[in-house]
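Enquirer: sequence first, predicted model second:
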Amino acid sequence: MKITQCQLAIYLPLLILSAVTTLFVFRPEFFATAEFKDSLAREKLISLENEAAPLIWQKVPEKVYVSEGCQPILAEPPEIVKAIYLTSWSAATEKRIDYLIDLAETTEINAVVIDIKDYSGRIFYDTAVPKAEEYGAKTIRIRDIDSLIEKLHKKKIYVIARVTVFQDPILAQARPDLAVQSQAKLTAATSSDFLWLDNKGLAWIDAAAKESWDYNISLAKEAACRGFDEINFDYIRFPSDGSLEDMVFPFWDEETAKRAVIKEFFVYLRQEMSGVKISADLFGLTAVSPGDLGIGQVLEDSFGSFDYICPMVYPSHYADGFLGYQNPAEHPYEIIKDSMDTASKRLRDFNKTNTSTQSFLRPWIQDFDLGAEYDAKMVRAEIQAVLDATNDDYCGFMLWSPRNIYTKGALEEK
């Protein structure tokens, strides 16, 4: 059987980790509980946010507590990940979980991306990270995250936790000293609220505020210890809309290139999340643009820091006239094929001179109507474009639908 580079990326880390786990002793301060009914469990997690050592994984008994270790990840992860996205509301709803399981049992879908911290900055399960409690970030929707992960693992579903990073109104309200501020509000000085807001009225954290890096990493470490197979990071960038000239940054000096700030975060994230699979969501245009798009995202800067790079190549999000198409949304195969062809070439070129670390491409594609009606034929064309562009390095795809309802006809049947 031919082993692709993507398959090698899945199994090689597992072999290495199984070989080294006997050399290390678990440090309890890393471990989150499987059940948060004992207040002592929280006390044992106090040092989680400041811990910098890598996580070392091993299988543990079915019931896991702080002193015993982490909930195990999926024993046999899929060679090629084919995921759908669920909001925290969907993940907390039995019917939607049954819907996911049905897709996994009847189609090629074998993975799910679940919001554990979204654009609001809220965290949707009973996290034991102290700062989350301090900031008032907890909004418990998923009542028993451990049981949910265990249930999905029993169905052989690969479970990915999605964490929104720098778009974070909760953290901005709790720690305005870390947030992007408004020059106009600072000048007027008519209130104590100086937060800059984007077009949706959402506050952002200064991407150079390293205290916010550690906060998000502490959440990611805990999620990994809960048994999530991968942590997916989104909104890892500077703001892209709103009154951009009104922004004031308390940490970024506005002389250092934005891409340098974001790349430093990428490298730090990889260092702190050693031993855990992580992925990065990037603007789709990063696949074809050599610049940073004004937000600090450059495709090559993510290579080597993440296991999977996930450009959001939604055809509806490309400007009219892209590749000569008046409405790019009507041409899903052509738009995605071109973007992924270009991204794949850039990754191959990077790997020629950087052999110590390996990243792979696994894009987000759309399953929603915007600019065109996305029926089974359109969604299937997107999937085929990813496969044709990546060939032997094909690592799958992730489907995004805001309604969390997916076009089953576009998926291969089992």
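Expert: Good, I have the coordinates.

Enquirer: pLDDT on stretch 131-138, on average?
Expert: Per-residue pLDDT over stretch 131-138 has a mean of 97.

Enquirer: show me how far that stretch is from its chain's centre.
Expert: Its chain's C-alpha centre and that of stretch 131-138 lie 20 Å apart, by Cα atoms, centre = their mean, to the nearest Å.

Enquirer: which ones are touching residue 381?
Expert: Counting by Cβ atoms under 8 Å, 6 or more residues apart in numbering, residue 381 touches 332-333. In this view, the C-beta of every residue, glycine as well, is placed from N, C-alpha and C.

Enquirer: how about the secondary structure of it?
Expert: For residue 381, the assignment made with DSSP: H, G, I helix; E, B strand; the rest coil gives helix.

Enquirer: ok, it to residue 216 distance?
Expert: The gap separating residue 381 from residue 216 is 35 Å, by Cβ to Cβ, to the nearest Å.

Enquirer: before we move on, what about residue 340?
Expert: The value you get for residue 340 to residue 216, if Cβ to Cβ is used, is 28 Å.

Enquirer: and if you look at residue 363?
Expert: 23 Å.

Enquirer: who has more neighbours, the two?
Expert: residue 363 (28 against 24; other Cβ atoms under 10 Å).

Enquirer: what distance do you get for the more buried one to residue 308?
Expert: Applying Cβ to Cβ, the value for residue 363 to residue 308 is 9 Å.

Enquirer: helix or strand with the lowest mean pLDDT in this structure?
Expert: helix 39-43 (a mean of 32; mean pLDDT, DSSP states H and E).

Enquirer: in which helix or strand does the nearest residue to residue 258 once chain neighbours are set aside reside?
Expert: Distances taken as Cβ to Cβ, 6 or more residues apart in numbering place residue 296 nearest to residue 258, at 3.5 Å, with adjacent residues excluded. Residue 296 belongs to no helix or strand when elements are defined using DSSP states H and E.

Enquirer: same question, the one 4 residues further on
Expert: Using DSSP H and E, residue 300 maps to helix 299-302.

Enquirer: what's the answer for residue 390, then?
Expert: Counting by DSSP H and E, residue 390 is part of helix 376-390.

Enquirer: list the buried ones in that helix?
Expert: By neighbour count on 16 or more other Cβ atoms under 10 Å, the buried set for helix 376-390 is 378-383, 385-386, 389-390.

Enquirer: what's near enough to touch the residue lying closest to residue 256 once chain neighbours are set aside?
Expert: Closest residue to residue 256 apart from its sequence neighbours, by Cβ to Cβ, 6+ apart: residue 208 at 7.7 Å. By Cβ under 8 Å, 6+ apart, the contact set of residue 208 is 249, 251-253, 256, 261.

Enquirer: what's the pLDDT at the residue most central in space within the chain?
Expert: For the chain, residue 232 is the residue whose C-alpha lies nearest the centre (Cα atoms, centre = their mean; 1.8 Å). We have a pLDDT of 98 for residue 232.

Enquirer: cool, residue 354 as well?
Expert: pLDDT recorded at residue 354 is 85.

Enquirer: wait, it sits on residue 304?
Expert: Yes: with contact defined as Cβ atoms under 8 Å, residue 354 reaches residue 304; the gap is 5.9 Å.

Enquirer: and those two? Which one has more around it.
Expert: Legend: neighbour count by other Cβ under 10 Å for residue 354 and residue 304, higher for residue 304 (16 against 13).

Enquirer: for that one, phi and psi?
Expert: Residue 304 adopts backbone torsions of phi 90, psi -20, taken as degrees, to the nearest 10.

Enquirer: from the chain's centre, how far out does the helix holding residue 390 sit?
Expert: Centroid separation for helix 376-390 versus its chain: 22 Å, with Cα atoms, centre = their mean.

Enquirer: quick one: low-confidence parts of this protein?
Expert: Applying pLDDT under 70 to the chain flags residues 1-68, 190-191.

Enquirer: show me where the stretch 301-414 of the chain has helices.
Expert: Secondary structure of the stretch 301-414 of the chain (DSSP state H, counting those that start in this stretch): helices located at 332-353, 376-390.

Enquirer: could you dump the ones you listed to JSON lines with distance to residue 97?
Expert: Converted to JSON lines, the helices of the stretch 301-414 of the chain look like this (distance: least, Cβ to Cβ, whole Å):
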{"stretch": "helix 332-353", "distance to residue 97": "29"}
{"stretch": "helix 376-390", "distance to residue 97": "22"}
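
Enquirer: relative to residue 87, which of the ones you listed is closest?
Expert: helix 376-390 (19.5 Å; Cβ to Cβ).

Enquirer: what about the strands in the stretch 101-250 of the chain?
Expert: Listed in chain order, the strands of the stretch 101-250 of the chain (DSSP state E, counting those that start in this stretch) span 111-117, 158-164, 181-182, 230-234, 247-248.

Enquirer: can you name every helix or strand that the fourth one contacts?
Expert: In terms of contacts (3 or more Cβ pairs under 8 Å, 6 or more residues apart in numbering; DSSP states H and E), strand 230-234 is packed against strand 158-164, helix 210-225, strand 278-283.

Enquirer: try it again with 6 Å
Expert: Judged by 3 or more Cβ pairs under 6 Å, 6 or more residues apart in numbering; DSSP states H and E, strand 230-234 is in contact with strand 158-164, strand 278-283.

Enquirer: just the CA trace of the first one, in CSV.
Expert: What it means is strand 158-164. Output of strand 158-164 as CSV, limited to C-alpha atoms (Å, rounded to 0.1, in the frame of the first residue of the first chain):
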residue,chain,number,x,y,z
TYR,A,158,-11.8,12.5,15.2
VAL,A,159,-12.6,15.5,17.4
ILE,A,160,-11.1,19.0,16.8
ALA,A,161,-11.5,21.9,19.2
ARG,A,162,-11.8,25.3,17.6
VAL,A,163,-10.4,28.3,19.5
THR,A,164,-10.9,31.9,18.3
